[in-house]
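Chemist: Can you look at this prediction? I've put the sequence above it.
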Amino acid sequence: MSSCPATYVSATLPALADSPRRDIFLSATTDSTSQALNAFLASVERRAFRTAQIALRHEQDALDAVQDAMLQLARRYARRPSEEWRPLFYRILENRIRDLQRRRTVRARVLAFLPWSSEEDEDNPVERAPDPAPGPAAEVEGGQIGSALQAAVGRLPARQREAFLLRNLEGLDVAETAAAMGCSEGSVKTHYSRAVHALREQLGEFMT
Amino acid sequence: MSNDTDKSPFERRAAELLRESADSLDAATRSKLTQGRHAALDNIRSRPAWLDLRVLAPGGAVAAAAIVAVVFWTGANHRPVTDGGGALDDIELLADADAYEISQESDLDFIEWAATQGEKDVAGT
């Protein structure tokens, strides 16, 4: 990501201030910016989807969250230096995931309160029932250690989950993770170590 | 980017499993993600250049400065008088030398008597 049209745009645009060539320059660089953004989004979209799916446990919601994050990045930050895209994208994605989780919680509360809510909107008792899966051990025995890990990560508190996925699935370092989570590097280290500790307690013996 | 060498075997194995799961998405999901990406990119391609923030910023700054100036100007001309009411009374009192002397007079009974006498004189004439 060293050669970056967006950075070139940022550096060149001030030099063209008040110049009639400015509009021509902008339209010419839009294509190169969108090419760079396309490459960036293609490189992160699958992991971003998996991150959203683990957090939301719903495929369509996860797709919506990722698409919305891509749209917001393109709309608001496409002309920012491409080095900033990664933390910005994950920050938008995490905000979107949180919004969807909050909306889901509020919706469930409102529907539970309203006496006239239709049967379709009511909580499905099957969904509310405890997970019939016998736990990580059985999943591991069935050769599904990946699924067991995803389920365990999905059960972590939100900030621990974010720190763990950003560091291990997205491959961000501590500083990038802090930028994406909007907190200090110390907080990232704390959340991350707690997440690792919790996961190791559940899955450690199956993953060595 | 993160350096995996400083991670424990457990963390490295977890990272490996998570990345495998992301790389093995089904074709339908991959297709939807691609469509979403293209829709996002279409958004910046179809956006006119004049909507660029750097183009709008100088005009916006001038407009904001003008609004602030108008707000201050109109605010200065419509100063509330409620707090200054007492002060205005004091100024009128000081300007009227007679009124000031009366207000300093301790014998109010005498003043009332003098006033009634004056009214009687007027009625008698």
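Modeler: Great, that's in hand.

Chemist: which parts of stretch A:176-183 are buried?
Modeler: Within stretch A:176-183, the residues that count as buried by 16 or more other C-beta atoms under 10 Å in any protein chain shown are A:176-181, A:183. Using the backbone N, CA and C atoms, a C-beta is placed for each residue, glycine as well.

Chemist: residue in chain B nearest to chain A?
Modeler: Closest to chain A within chain B is B:Gly36: 3.5 Å, counting by C-beta to the nearest C-beta.

Chemist: mean confidence score for the lengthiest helix in chain A?
Modeler: Assignment by DSSP state H gives helix A:21-56 as the longest helix of chain A. Mean pLDDT, helix A:21-56: 82.

Chemist: by contact count, what packs against the helix or strand following that helix?
Modeler: Of the helices and strands lying after helix A:21-56 in sequence (DSSP states H and E), the nearest is helix A:59-77. Where contact means 3 or more C-beta pairs under 8 Å, 6 or more residues apart in numbering or on different chains; DSSP states H and E, helix A:59-77 is packed against helix A:21-56, helix A:85-113, helix B:27-45.

Chemist: still on that earlier bit, and the residue of chain B closest to chain A, how many neighbours does it have?
Modeler: B:Gly36 has 21 neighbours, counted by other C-beta atoms under 10 Å in any protein chain shown.

Chemist: Distance check, it against A:Ala69.
Modeler: 9 Å (C-beta to C-beta, to the nearest Å).

Chemist: What of A:Ser43?
Modeler: 14 Å.

Chemist: low-scoring stretches of chain A, by residue?
Modeler: Along chain A, the model assigns pLDDT under 70 to residues A:1-30, A:115-143, A:208.

Chemist: So which residue is dead centre in it?
Modeler: A:Leu93 (4.1 Å; C-alpha atoms, centre = their mean).

Chemist: Looks like that one contacts A:Ala52 (just checking).
Modeler: Yes - using C-beta atoms under 8 Å, A:Leu93 is in contact with A:Ala52, at 6.6 Å.

Chemist: shared neighbours of these two, anything?
Modeler: A:65-66 (C-beta atoms under 8 Å, 6 or more residues apart in numbering or on different chains).

Chemist: Before I go, just wanted to say thanks for your time.
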